[in-house]
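Asker: next comes the sequence, and after it the predicted model I'd like to discuss.
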Amino acid sequence: MISDFDVAIIGLGVAGCCAAKVLEGSGLKIIAFDSFAFPRKKLCGGGLTLKCYNLLSEIFGDITPVVKGRAHRLYLVNGKNVIETVSENPFILFVDRKSFDNFLYRTLSDTVIHDGEKVVAIVREKEFYRIETEKGFYRARFIIGADGINGVTPRVCGVNLKKALTYEMDIESDTKESALVDFSDFKSGYYWIFPKGDFYTTGFGDFSLLKARNLEDINRKFNKKYGIKGKVISRGGAFIPVFDGRLYSGEGGILLTGDAASMVDPFTGEGIYFAAVTGKRAAELVVRYFNDKDKLGVEYRKFLDSFVIEFKWALFLRRLFFKFKTSMFKVMEVSDEVLSVATDIISSDIRYNEAFKRFLKSSIKLPMRFVYVTGFDKKRKRKESKGFSSLDI
């Protein structure tokens, strides 16, 4: 016998849990699937901007218990150039995705949950979708696809997402409230060190990296550069979507969210906020337009389209930054205004078009001081970096 539901959520990461939480109390019959049994490890840097933290707190209540680290000091590195900046408010908050996702998952109450049950096929049947898993069959009128870049829901919608590689390692160690982002040797990405209390997450990602060998060796090379040592708790690689000028809302009664919709910042690679905001909005619209599938699709499409211009600005600024990366660092070394634009981008405290305007306004002041821009002081003597050994990480 096939069980019928109003809404099926495929995937219980951030997007799926947000959707399920928002649907609570709606009177709709909800079922949710995840391929893995909870608690489970999720490959992700685990960085939360304050904007993301506030949104998740709005949906789930206080999430402070699962915040494992805060970056009040941030190092930006390119080659031998090191820029240090400090803030009273954290630039980024950090979570361990295993405990964080489990925390969100355990708040769910009105959803029939089938974790450890992989969805293998979805077939449209008139007003319903027939969902086949490894263990049985189900039907739902609507599907919220939160199963990521390799999930079944984008495939069913005919979406072929462009992908890039990331790799990370969790390394046991006492940590400090400092994070590091190193752009050296990357064409469109960076290496990171994120503190999480009793371990670091180190890793790298590059939007231009479609395939590579020896990913662990690359990570270990950077770890050695910064003296990151300790027991390796976990390691692994994953794909992230690469913005191709479009965001993908789905088709019919299937709404794609998070990575499945290509909702990852094309510059910083931030994905958690976009998973949360799309999961939330998809659920809200399902409730509002449950009896009007066409209107639901139009409104969700409009919602995703509202991010396209911002993502195009992000892509433009990413290309600009990496094309002139060395010069950009020299400018940030001498201009607090330009450095603040960079940290605001990392913290997601500014829209990209506004960031570009601020950058231009600040840069106009620099030509008369070009000797500073090139990294020389008034006596034409090269400024010396403190070196990596002095970094407080």
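Answerer: Nice, I can see it.

Asker: model confidence for the residue sitting nearest the centre point of the chain, exactly?
Answerer: Centroid check for the chain by C-alpha atoms, centre = their mean gives G271 as the closest residue, at 2.0 Å. On pLDDT, G271 comes in at 96.

Asker: now the helices for the chain?
Answerer: Secondary structure of the chain by DSSP state H: the helices cover 14-23, 50-60, 97-106, 152-156, 215-225, 272-288, 293-305, 308-323, 325-334, 336-346, 352-363, 370-373.

Asker: export those helices as a markdown table, with columns for distance to D185 and mean neighbour count.
Answerer: Just so you know, the C-beta spots here come from the backbone N, C-alpha and C atoms, and that holds for glycine as well. Below are the helices of the chain laid out as a markdown table (distance: least, C-beta to C-beta, whole Å; neighbours: other C-beta atoms under 10 Å):
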| stretch | distance to D185 | mean neighbour count |
| --- | --- | --- |
| helix 14-23 | 30 | 28 |
| helix 50-60 | 28 | 17 |
| helix 97-106 | 26 | 20 |
| helix 152-156 | 31 | 22 |
| helix 215-225 | 9 | 16 |
| helix 272-288 | 26 | 24 |
| helix 293-305 | 34 | 16 |
| helix 308-323 | 12 | 17 |
| helix 325-334 | 11 | 18 |
| helix 336-346 | 19 | 18 |
| helix 352-363 | 24 | 16 |
| helix 370-373 | 23 | 14 |
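
Asker: mind listing what the residue nearest to the centre of the chain touches?
Answerer: C44, I240, G258, D259, M263, V264, D265 (C-beta atoms under 8 Å, 6 or more residues apart in numbering).

Asker: from the residues you listed, pick the one nearest R106.
Answerer: Nearest to R106 among the contacts of G271: C44, at 18.5 Å, using C-beta to C-beta.

Asker: what's the burial count for that closest one?
Answerer: 23 (other C-beta atoms under 10 Å).

Asker: what's the closest non-adjacent residue to it?
Answerer: In this structure, C44 finds its nearest non-sequential neighbour in R97, 4.7 Å apart by C-beta to C-beta, 6 or more residues apart in numbering.

Asker: looking at the contacts of G271, which one is closest to K21?
Answerer: Set against K21, the nearest of the contacts of G271 by C-beta to C-beta is G258 (14.5 Å).

Asker: which residues in the stretch 51-200 of the chain form strands?
Answerer: Applying DSSP state E, counting those that start in this stretch to the stretch 51-200 of the chain gives strands spanning 67-71, 73-78, 81-86, 92-95, 111-115, 119-125, 128-133, 137-145, 163-172, 178-182, 189-195, 199-206.

Asker: of all those strands, which lies closest to V156?
Answerer: Comparing the strands of the stretch 51-200 of the chain by C-beta to C-beta, strand 119-125 comes nearest, at 4.7 Å.

Asker: strand partners of that closest one, parallel vs antiparallel please.
Answerer: Sheet pairing for strand 119-125, assigned by DSSP bridges, gives strand 128-133 (antiparallel).

Asker: low-confidence regions, the chain specifically.
Answerer: Residues of the chain that meet the criterion pLDDT under 70 lie in 1, 365-390.

Asker: got the buried residues for stretch 165-182?
Answerer: Within stretch 165-182, the residues that count as buried by 16 or more other C-beta atoms under 10 Å are 165-171, 173, 175, 178-182.

Asker: which one among those gets closest to I393?
Answerer: Proximity of those to I393 was ranked by C-beta to C-beta; the top entry is S178 with 4.7 Å.

Asker: list the contacts of the residue nearest to that closest one when sequence neighbours are not counted.
Answerer: In this structure, S178 finds its nearest non-sequential neighbour in R73, 4.2 Å apart by C-beta to C-beta, 6+ apart. Each residue near R73 by C-beta under 8 Å, 6+ apart is listed here: E84, T85, V86, K176, E177, S178, A179, D392.

Asker: and if we set it to 7 Å?
Answerer: Residues near R73 by C-beta atoms under 7 Å, 6 or more residues apart in numbering: E84, V86, E177, S178, D392.

Asker: now render those residues as CSV, adding distance to V152.
Answerer: Formatted as CSV, these follow (distance: C-beta to C-beta, whole Å):
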residue, distance to V152
E84, 45
V86, 45
E177, 40
S178, 40
D392, 45
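
Asker: ok, which pair from those is furthest apart?
Answerer: Largest separation among these by C-beta to C-beta: E84 and E177, giving 13.1 Å.

Asker: okay, now K196: neighbour count?
Answerer: Residues lying near K196 (other C-beta under 10 Å) number 19.

Asker: so what's it up against?
Answerer: By C-beta under 7 Å, 6+ apart, K196 lies in contact with G46, K68, G69, F94, D96, T175.

Asker: mark which of those are buried, thanks.
Answerer: Neighbour-count burial (16+ other C-beta under 10 Å) applied to those gives G46, K68, G69, F94, D96, T175.

Asker: show me which of the residues you listed is closest to F329.
Answerer: Nearest to F329 among the buried ones among the contacts of K196 is F94, at 24.5 Å by C-beta to C-beta.

Asker: who does that closest one bridge with?
Answerer: Taking DSSP bridges as the rule, F94 bridges to G47, G69.

Asker: wait, it sits on G45?
Answerer: No. With contacts counted by C-beta atoms under 7 Å, F94 stays clear of G45, the gap being 8.1 Å.

Asker: which neighbours do those two have in common?
Answerer: Contacts common to F94 and G45, judged by C-beta under 7 Å, 6+ apart, are F194.

Asker: OK, contacts around the nearest residue to Y352 once chain neighbours are set aside?
Answerer: Among residues not flanking Y352 along the chain, W313 sits closest, at 3.5 Å (C-beta to C-beta, 6+ apart). W313 sits next to Y352, N353, F356 when contact means C-beta under 7 Å, 6+ apart.

Asker: could you redo the last one with a cut-off of 8 Å?
Answerer: R351, Y352, N353, F356 are the contacts of W313 under C-beta under 8 Å, 6+ apart.
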